[in-house]
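Student: Make a model of this:
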Amino acid sequence: LNIDGMQFTQGSAYSIGLFDMAQVEVLKGPQALFFGKNSPGGVVSIRTADPGSEPELRASLGYEGYAQTMRGEAVISSPLGDDFGVRLAAAYTTTQGYFRNRAEPIAALGAATPRDRLGNGDGVFVRGTALYNPSGPFSARLKLNYSNEYSEGGGPFQYKSCPEGTTNYLPGIGVQLPGFFASTEDCRVDRDTAAIYLDPAAYGGLPNAGKPFTRVKQAFATLEMNYDLTSAMTLTSVSGYYDLKSRSLTTGSLFQTYSPFAASKYYHRQD
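Tutor: Predicted coordinates:
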């Protein structure tokens with residue numbers, strides 16, 4: 001993934017690049033000449049919009065009914081002279097979650113009642129651009145990006161086939177085991193899944209009140225400078241800075257159990 005000349009190895013960066021775009025290129029690999037050796041499988045190159053020669057003000061609002069997702073975007077752009085312009089683009093999205101959560105918690109085992117939908121969350125994305133583009137041989141483009149995304153509920157794992165049924169018995173003996181399946185499990189790829197939350201009183205020290213979540217904050221900047229050596233040759237320099245912070249808590253999603261008795265919990269923080 002390449003955004004405004006800077007390469008990323010984190011797929012999380014896609015979210016901040018997919019609005020107010022000017023150009024998207026999907027390039028067959030390898031692309032070592034222009035994008036480095038880390039591109040044997042190809043490159044998705046995104047170029048975000050720059051300030052234009054005329055003032056621009058626009059806004060959009062979208063809604064998706066299945067996940068009850070709303071997204072708004074706004075752009076303000078203006079030249080500040082013959083050679084200089086600025087652009088500010090922002091987006092906000094909120095969702096209730098695509099999956100219906102059919103988990104049945106057992107409070108005695110430390111489980112807490114989850115939301116009836118899985119995957120709710122929100123996100124804020126902001127990008128500022130400054131463009132210096134005179135008629136002379138030198139030009140420069142500065143991009144500043146920030147995003148803050150929150151998603152609750154963990155990964156939507158699903159069983160798609162249960163040839164032995166959803167009742168847990170010890171093979172050959174018929175002894176029933178603690179349930180790995182919710183009673184509502186239908187073993188089909190659909191909008192129904194099951195993921196429990198954790199009771200903070202039973203599991204001390206958990207963040208976010210025991211609710212499985214992922215919080216990702218990103219900030220990155222790119223500075224592109226170009227100098228025309230001749231009419232047919234341009235020297236380009238691209239400098240970048242990227243800062244990623246993520247925190248997450250997962251529990252109960254791997255087995256879709258209705259109780260943490262048969263699940264594992266994992267808290268992760270990355271800076």
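Student: give me the low-pLDDT residue ranges for the stretch 101-250 of the chain?
Tutor: Scanning the stretch 101-250 of the chain for pLDDT under 70 picks out 154-156, 167-180, 182.
Student: mind listing the helices in it by residue range?
Tutor: In order along the chain, the stretch 101-250 of the chain carries no helices (DSSP state H, counting those that start in this stretch).
Student: tell me the strands in it, going along the chain?
Tutor: Assigned by DSSP state E, counting those that start in this stretch, the stretch 101-250 of the chain shows strands spanning 111-112, 117-118, 121-132, 138-152, 192-193, 197-198, 213-230, 233-251.
Student: export those to JSON lines and tack on mean neighbour count?
Tutor: (C-beta placed from N, C-alpha, C; glycine too.) Output for the strands of the stretch 101-250 of the chain, formatted as JSON lines (neighbours: other CB atoms under 10 Å):
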{"stretch": "strand 111-112", "mean neighbour count": "22"}
{"stretch": "strand 117-118", "mean neighbour count": "22"}
{"stretch": "strand 121-132", "mean neighbour count": "18"}
{"stretch": "strand 138-152", "mean neighbour count": "18"}
{"stretch": "strand 192-193", "mean neighbour count": "22"}
{"stretch": "strand 197-198", "mean neighbour count": "26"}
{"stretch": "strand 213-230", "mean neighbour count": "17"}
{"stretch": "strand 233-251", "mean neighbour count": "15"}
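Student: for these, which one sits closest to residue 73?
Tutor: Closest of those to residue 73 is strand 121-132, at 8.7 Å (criterion: CB to CB).
Student: what lines up beside the closest one in the sheet?
Tutor: The pairing partners recorded for strand 121-132 under DSSP bridges are strand 84-95 (antiparallel), strand 138-152 (antiparallel).
Student: Kindly reformat those strands as a markdown table containing distance to residue 184.
Tutor: Shown next, in a markdown table, are the strands paired with strand 121-132 (distance: least, CB to CB, whole Å):
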| stretch | distance to residue 184 |
| --- | --- |
| strand 84-95 | 22 |
| strand 138-152 | 20 |
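Student: returning to that earlier point: compare the strands of the stretch 101-250 of the chain and give me the one nearest residue 19.
Tutor: Nearest to residue 19 among these is strand 121-132 (6.4 Å), distances taken as CB to CB.
Student: How about the contacts made by residue 8?
Tutor: 1-2, 242 (CB atoms under 8 Å, 6 or more residues apart in numbering).
Student: can I get those residues in TSV with distance to residue 103?
Tutor: Below are those laid out as TSV (distance: CB to CB, whole Å):
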residue	distance to residue 103
1	34
2	40
242	37
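Student: Of the strands paired with strand 121-132, which is nearest residue 188?
Tutor: Among the strands paired with strand 121-132, strand 84-95 comes nearest to residue 188, with 22.8 Å by CB to CB.
Student: How far away from the center of its chain is the closest one?
Tutor: Centroid separation for strand 84-95 versus its chain: 17 Å, with CA atoms, centre = their mean, to the nearest Å.
Student: cool, and stretch 129-136?
Tutor: Remark: stretch 129-136 is offset 32 Å from the chain centroid, using CA atoms, centre = their mean.
Student: how long is it end to end?
Tutor: 20 Å (CA to CA, to the nearest Å).
Student: And for stretch 85-105?
Tutor: End-to-end distance for stretch 85-105: 56 Å, by CA to CA.
Student: about what we covered before: can I get the strands of the stretch 101-250 of the chain in TSV including distance to residue 9?
Tutor: Output for the strands of the stretch 101-250 of the chain, formatted as TSV (distance: least, CB to CB, whole Å):
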stretch	distance to residue 9
strand 111-112	35
strand 117-118	28
strand 121-132	20
strand 138-152	16
strand 192-193	29
strand 197-198	31
strand 213-230	12
strand 233-251	10
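Student: Among the ones you listed, which comes closest to residue 92?
Tutor: Of all these, strand 121-132 sits nearest to residue 92, with 5.6 Å by CB to CB.
Student: any idea of the angle the closest one forms with strand 213-230?
Tutor: 20 degrees (axes from the mean of the first three to the mean of the last three CA atoms, to 10 degrees).
Student: In terms of pLDDT, where does the nearest residue to residue 96 once chain neighbours are set aside sit?
Tutor: Leaving aside its sequence neighbours, residue 96 sits nearest to residue 68 (CB to CB, 6 or more residues apart in numbering; 3.9 Å). Residue-level confidence at residue 68 comes out at 95, pLDDT.
Student: Done for today, thanks.
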